[in-house]
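Student: mind folding the following:
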Amino acid sequence: MRALTITVFFASSILCACAGHGPLRVASESSDQLDAMCRELYGDIDGRIAGIAGNYSLDFTARTKELTKLEKYMKEKTPPALAKCWTTSYENHPDYLAPQNSEPRPGYDLFYAEFDDSGNATDIIAGQNVTYLKSQLHLIKEELQKKLTAAQGDGSGLNIVVFTHGWHGTASAFDDYSIEFKGMLEDIAAEEQRTHQRRTAQNAAAAPHPRRTIGIEVAWRGDSFLTPAIPGISGSKNFANVWDRKITAGVVASGSVHELFAFLNEFYRENSCDAYGSARGPATAAQDLQACDGVHMLTVGHSFGALIDMRAITGRIESGLNVPRGSRVYGFGDMSVLLNPAFEGVGYRGVFDDAINRAYNDVTEAKDPHPYLDAATQPSACQTQALSSATTTLKESPDLPAATQPDSGGLPAGDPARPWEQIPTVVILQSAGDTATGKFFPPEQAIATLFRQTLSPAERVDKNTAVGWIKDFRTHSLDYQSGGTADGCKTNDGAAAGFCPFIGEQSPTTKYLQLTGTADSRVVPDFMPLWSVMVNKQIMEEHDDFWNPQIVRLISILFRDAYIQAEIRNRARACKSQPGP
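Tutor: Here you go, the predicted structure:
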């Protein structure tokens, strides 16, 4: 009887602290009334987010405190009449006039797609009489097409950013992840604005309008119950449901999120051009270029959110690796970034091995020394005559001699766009100070998979170790420079060459980043499309410290490089298709 009483007591305690909920967002189409009602509120909060996100002087602890203050402020300053601004699944954040002597702050759109513990679309399955045509998923599909049509009417397009949150997250506007994602969208929109300004300076008549930044948050139930908190840490969240949430993330990754990702993949393919990765194929004439660059897409996942992303897009990554050698490989959209990913190496080993083995010819078994350099985009007289407003020089390589290439397309002055080099399709950013995946993940994973067979010590390491900590996968390290006046890259002796995002980059801080290539060139080919970067904990302090200005800035720069490189490649192909030299 006593045992039964104790069991009932603990069960009641857990149930009382349960984090269960239905959809936190309601699918609402954009309307002039809602936009006008929420405009001032969004502008106020976005300005405060920018103030925290762009403050390089804050460390992780101070930034977290500021985030907590902002969440409290949002709750206190949102009157009941404006509550809908935070419960709609579509937030329209317009451009804002910044204070005098400052640049206007570009706006963005933000959609939410919620999924339950069984992987189903939460609003459809919750029994609230929401039909598919009134659902979050349908709204995203419908609105993206409308926004693309409007953008192309202005000679522009869309930059889509998909973000999947991790443990403890929800779709609530007052959740850390929701606010952090908004800060990321603001930075990406600002980088697009700066790119547009550089294009205008190069050639005002030919400069397109800035692309509209579109965010989509993939939200799931990041907590199954809220207590117990971490002992001795005030305000901390439950730690005992970590493995339950990892299992649930795996379920979400196999559910209706595939409908969303499949749609986004096709939407991207229909509005982009490449020899293999798109539905259109390469551009064949100059008039095709706008359609070719109508949509660019970045995917970002943190912790268990990275698990969801990787499982959902692995097939696309594998397909992209299996194009003919000497052709650009593709991924899911332009690039996928995994921040402190909380999944084991066995979920990545296959795609990694496929990437390094691509150097071998399946017939002759000869090894191609540069399987990721695309010789098909060599510059021509047409390119240099019709496209070059500011010529740069491609660095020499054994296969590709120095040559004049097209204009920089909006990259910083002096920065070669390097369309011949393979830009990464997957980037893992792993903090060296991340104890959650570095210290606690391996023993918990070993216990959870105690009876799973492994056939070698290396396979056992892959089974028990989080992907960002496996040395086989490591391609780079990211540190602060000692001295120096700008961000830069270097390659260690004997390491594989790789794409550098920083050439000509001007940083808004006195602490400059250095990306170092560390992959053994005897194993990893040059310009490997799968990156695993160990980030110094002075830059990214711990597991949740992905929302800091250096990491967000790096993500924005990588995405910018990816879509500008795609634009230049498309212009080169369209130019080559024209008659004449």
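Student: the host helix or strand of residue 64: how far from the chain's middle?
Tutor: In this structure, residue 64 sits in helix 60-77 according to DSSP states H and E. Here helix 60-77 is found 24 Å from its chain centre; the criterion is Cα atoms, centre = their mean, to the nearest Å.
Student: contacting residues around the residue most central in space within the chain?
Tutor: In the chain, the residue lying closest to the centroid (Cα atoms, centre = their mean) is residue 300, at 2.8 Å. Contacts for residue 300 (Cβ atoms under 8 Å, 6 or more residues apart in numbering) come out as 161, 162, 163, 164, 184, 309, 336, 337, 338, 339, 555. Where you see a C-beta, it was placed from the backbone N, CA and C, and this is true even at glycine.
Student: and these, which is closest to residue 489?
Tutor: residue 555 (16.3 Å; Cβ to Cβ).
Student: low pLDDT regions in the protein?
Tutor: The chain contains residues with pLDDT under 70 at 1-21, 97-103, 204-208, 225-240, 274-291, 326, 361-366, 374-419, 503-509, 572-581.
Student: now a PyMOL select for only the buried ones of the contacts of residue 300.
Tutor: A single PyMOL command selects the buried members of these (16 or more other Cβ atoms under 10 Å):
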select buried, resi 161+162+163+164+184+309+336+337+338+339+555
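Student: mind listing which of the contacts of residue 300 are in helices?
Tutor: For the contacts of residue 300, the ones inside helices are 184, 309, 555, with DSSP state H as the criterion.
Student: what distance do you get for the last one to residue 163?
Tutor: Counting by Cβ to Cβ, to the nearest Å, the gap between residue 555 and residue 163 amounts to 10 Å.
Student: and which of the ones in helices among the contacts of residue 300 is nearest residue 459?
Tutor: Out of the ones in helices among the contacts of residue 300, the member with the shortest distance to residue 459 (by Cβ to Cβ) is residue 309, at 23.7 Å.
Student: what about residue 263, how many neighbours?
Tutor: 14 (other Cβ atoms under 10 Å).
Student: helix, strand or coil for the nearest residue in space to it that is not next to it in sequence?
Tutor: Spatially, and ignoring its direct neighbours in sequence, residue 263 is nearest to residue 141 (5.7 Å; Cβ to Cβ, 6 or more residues apart in numbering). At residue 141 the chain is in helix, as set by DSSP: H, G, I helix; E, B strand; the rest coil.
Student: overlap in contacts of residue 555 and residue 163?
Tutor: With Cβ under 8 Å, 6+ apart as the test, residue 555 and residue 163 both reach 184, 300.
Student: residue 299 contacts residue 317, doesn't it?
Tutor: No - the pair residue 299 / residue 317 is not scored as a contact, 10.8 Å apart, by Cβ atoms under 8 Å.
Student: could I get the ones in helices among the contacts of residue 300 as a markdown table with distance to residue 563?
Tutor: Shown next, in a markdown table, are those (distance: Cβ to Cβ, whole Å):
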| residue | distance to residue 563 |
| --- | --- |
| 184 | 16 |
| 309 | 19 |
| 555 | 13 |
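Student: the stretch 101-250 of the chain: helices as residue ranges?
Tutor: Counting by DSSP state H, counting those that start in this stretch, one finds helices in the stretch 101-250 of the chain at the ranges 122-125, 136-153, 176-202, 242-253.
Student: of all those helices, which lies closest to residue 94?
Tutor: Residue 94 lies closest to helix 176-202 among those, at 11.4 Å (Cβ to Cβ).
Student: so which elements touch that closest one?
Tutor: Packing partners of helix 176-202 (3 or more Cβ pairs under 8 Å, 6 or more residues apart in numbering; DSSP states H and E): helix 32-53, helix 60-77, strand 108-115, strand 158-164, strand 212-220, strand 295-302, helix 549-576.
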